[in-house]
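Asks: Kindly generate the corresponding structure for this input.
(2 chains)
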2 protein chains.
Amino acid sequence: MAKEGTETTEETEHMIEKNGAKETETVLSAGDAKEMRAVILSGFGGLNKLRVTKKAMPEPQEGEVKIRVKACGLNFLDLMVRQGNIDSPPKTPLVPGFECSGIVEAMGENTKGFEIGDRVVAFVNYNAWAEVVCTPLDYVYNMPDDMTFPEAAAFSMNFVAAYMMLFEVANLREGMSVLVHSAGGGVGQAVAQLCSTIPSVTVFGTASSFKHEAIKDSVTHLFDRNIDYVQEVKKISPEGVDIVLDCLSGENTGKGLGLLRPLGTYILYGSSNMVTGETKSFFSLAKSWWQVEKVNPIKLYEENKVIAGFSLLNLLFKQGRCGQVKTVVEKLFSLYNQKKIKPVVDSLWALEEVKEAMQRIHDRGNIGKLILDVEKSPTPLVTFVFVMFLFSSGEKDHS
Amino acid sequence: MAKEGTETTEETEHMIEKNGAKETETVLSAGDAKEMRAVILSGFGGLNKLRVTKKAMPEPQEGEVKIRVKACGLNFLDLMVRQGNIDSPPKTPLVPGFECSGIVEAMGENTKGFEIGDRVVAFVNYNAWAEVVCTPLDYVYNMPDDMTFPEAAAFSMNFVAAYMMLFEVANLREGMSVLVHSAGGGVGQAVAQLCSTIPSVTVFGTASSFKHEAIKDSVTHLFDRNIDYVQEVKKISPEGVDIVLDCLSGENTGKGLGLLRPLGTYILYGSSNMVTGETKSFFSLAKSWWQVEKVNPIKLYEENKVIAGFSLLNLLFKQGRCGQVKTVVEKLFSLYNQKKIKPVVDSLWALEEVKEAMQRIHDRGNIGKLILDVEKSPTPLVTFVFVMFLFSSGEKDHS
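Replies: The predicted structure follows:
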């Protein structure tokens, strides 16, 4: 069982600012067994909209599994959610987080498939960043015995997305070449490892220079993220590459398409440029999002090119493709058991350290995945100073 | 050796109208062993721009194979070429035709890989509709022993395109569904046969009603080409299909994309709407061509969709992917030898009957492939009357 975080502010009732109005959120009284700690996003905006509080313990409905969470994954997407910079954003307050690992604590009525105590990894449509989460059976998978909880939380979104993009959207085969941006990030490292399972695949990666020493063995050619990677790739491979995985936005779509070899595939899988400084307004972000260059199918025809979009969350939660994802998870666990892939964990953070963790991913400081370790206590003094700093600079940014 | 066509007008020199100016084309004198019959397109336009004449016998350069042609394939693309309705059209006069089968007659200097007398099928960058053709080694493949020359000429473009679209651009697997337009045409029949090599693939096809009886066993669900196929497909499969193969144009791109299931692939592989009546001007065609609806990558991202273009000729002759195509040809010959696929030949036509053949493909009268049989003599009377009719109506159309 997760220990209680003594550092949490135990509120029985507290006020949340939302759309300029005050709203009352009821939580159970401290010490009640029917409550749990969770990260709350009180409204869209900066880091100051996040904090840890207690919430009512969720109970599983029919078809759901109740999981005692051990570790949660933190993704770029969570920063976009925090800023409200996603399509059809949900209402706040909300508990962020789309993936976690933990132990099955209960099952809904008439629900079979897992035993109490099973070690599992799960996708959740929000609410993952908490001590306990309930999610439908279809999104829960038994973990390999050798996999740690942080590894499992680092594994789910990044490896499933990387696998589906490389092998289901594109058709990665022997001798092909792949360009991946943010090669040091969670998806980047998953892509690099999956490429290494196929003979003679060349991986071109971009990453901040300070990461190069750490990740140079995982990719074939590594470029600084600020240089003109188009020229660098063309110097090495004048014909271009077979697959471009692009988590950037707008102006880079054309660059990525231009780098494709005939029959090559460009995949837009997210948009990390959408999360820029704390100073950028939502509207300036939304504007760049919708100004992404459109593509003429005739040009694709003449050049024999493929353009694809990939959103794992939409696939899971809007488009009901759990069965297909489950098959992919099983293939990936098999590769893990054969020791062909291994999730890279950048660092572990307490729930109370979520702001520092988000700042690190925002600043692209990470190599591999950031994990919220639910049982971890924050380092008190450093955290305090850091949080104070963030709060004060966050206030300024949003003035 | 091909017999000489006694019905050919034997000119020693003749005038060709081109861009309003007169140009002299030199051909060798009648009876010279160094000449051959060929279909000539004297300028872009209607059927009256085509005729059979004698031309100088081509001789193979280093790296080329000289082929005594037995059969040539006729494609919708040839109609677009005739109208000049392609990107960067070549200069006229020209000999049309991109594929043929025949017997190796000679090899260029220092050129190895085939023996004199080998039965081969070949891609040619124009010039296929002739008694003899020379083409680089990389575009020539030995035919299976059991394959006839018409089958081979019916095989090359259609099956290679269908295979690459289904298995290399898309990723056809067990249980998937495919929508193909013009299911009765050469590519349509190749798609249907290749889908039948994978378990549990559902094929939706559109075709003119009069073809339904003939092709109903080759596809799972068949719709009339004039009805709203979107509604018909959705009645049977509300979620849509995994692969849409579209040889249509403009307004249908959005319809095709809308029919895709998540992770589905839309492939634009040509544009048969571009070849409409003889009355339409080049500019009205070009206009519809460039007005094809553009695609927003963000929409692809949100909907998990893939859009691709496929042009086999560009792949072969502009993008140098002969090696990849050769591998595909070998796989297809293996399927042929296992009797899993068999090209459907609609009809055989003499070179002198090329106009009637083109009219038939234009009117969508064919089921399977139209073949020019180089050794066939035209049916004299019918041909004469028909050609006279076409000439007179062709003149009217272009007034």
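Asks: Kindly provide the distance from the residue of chain A positioned farthest from its centre to chain B.
Replies: Within chain A, A:E302 marks the point farthest from the mean C-alpha position, 35.7 Å out by C-alpha atoms, centre = their mean. Remark: distance between A:E302 and chain B (C-beta to the nearest C-beta, to the nearest Å) = 6 Å. C-beta: built from backbone N, CA, C; applies to glycine.
Asks: Could you tell me which residues within the helix or strand hosting that residue count as buried?
Replies: Secondary structure from DSSP states H and E places A:E302 in helix A:297-303. Buried residues in helix A:297-303, counted by 16 or more other C-beta atoms under 10 Å in any protein chain shown: A:297-298, A:300-303.
Asks: next SSE after it?
Replies: strand A:306-309.
Asks: Tell me the strands beside that following strand, with direction?
Replies: Partner strands and pairing direction for strand A:306-309 (DSSP bridges) are strand A:260-268 (parallel), strand B:306-309 (antiparallel).
Asks: residues from chain A in reach of chain B?
Replies: Within chain A, the positions adjacent to chain B are A:87, A:164, A:168-169, A:171, A:253, A:262-263, A:265, A:268-271, A:289-290, A:292-311, A:314-315, A:319, A:321, A:324 by C-beta under 8 Å from any C-beta of the partner chain.
Asks: For ChimeraX, what selects the buried ones among these?
Replies: What follows is the ChimeraX syntax for the buried subset of the residues of chain A next to chain B, where burial is set by 16+ other C-beta under 10 Å:
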select /A:164,168,169,171,253,262,263,265,268,269,270,271,289,292,295,297,298,300,301,302,303,304,305,306,307,308,309,310,311,314,315,319,321
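Asks: re the thing from before, hang on, the residue farthest from the centre of chain A packs against B:L315?
Replies: No: taking contacts as C-beta atoms under 8 Å, A:E302 lies outside contact range of B:L315: 10.6 Å.
Asks: I'd guessed A:R51 sits against A:G43; true?
Replies: No: taking contacts as C-beta under 8 Å, A:R51 lies outside contact range of A:G43: 11.6 Å.
Asks: where does chain A dip in pLDDT?
Replies: Applying pLDDT under 70 to chain A picks out residues A:1-33, A:248-252, A:271-292, A:380-399.
Asks: Mind naming the longest strand for it?
Replies: strand A:64-74 (DSSP state E).
Asks: Can you list the neighbours in contact with the next helix-or-strand element following that one?
Replies: Next helix or strand after strand A:64-74 toward the C-terminus (DSSP H and E): helix A:76-82. Here helix A:76-82 makes contact (C-beta atoms under 8 Å, 6 or more residues apart in numbering or on different chains) with A:41, A:44-47, A:49-50, A:86, A:89, A:96-98, A:185, A:247, A:270-272, A:274-275, A:313, A:358, A:361-362.
Asks: same check, this time on stretch A:134-144
Replies: The contact list for stretch A:134-144, computed with C-beta under 8 Å, 6+ apart, reads A:58-61, A:63-67, A:101, A:104, A:108, A:111, A:113-114, A:118-125, A:127, A:152, A:316, A:322-323, A:326, A:329-330, A:333, A:336-337.
Asks: quick one: terminal-to-terminal distance for it?
Replies: 21 Å (C-alpha to C-alpha, to the nearest Å).
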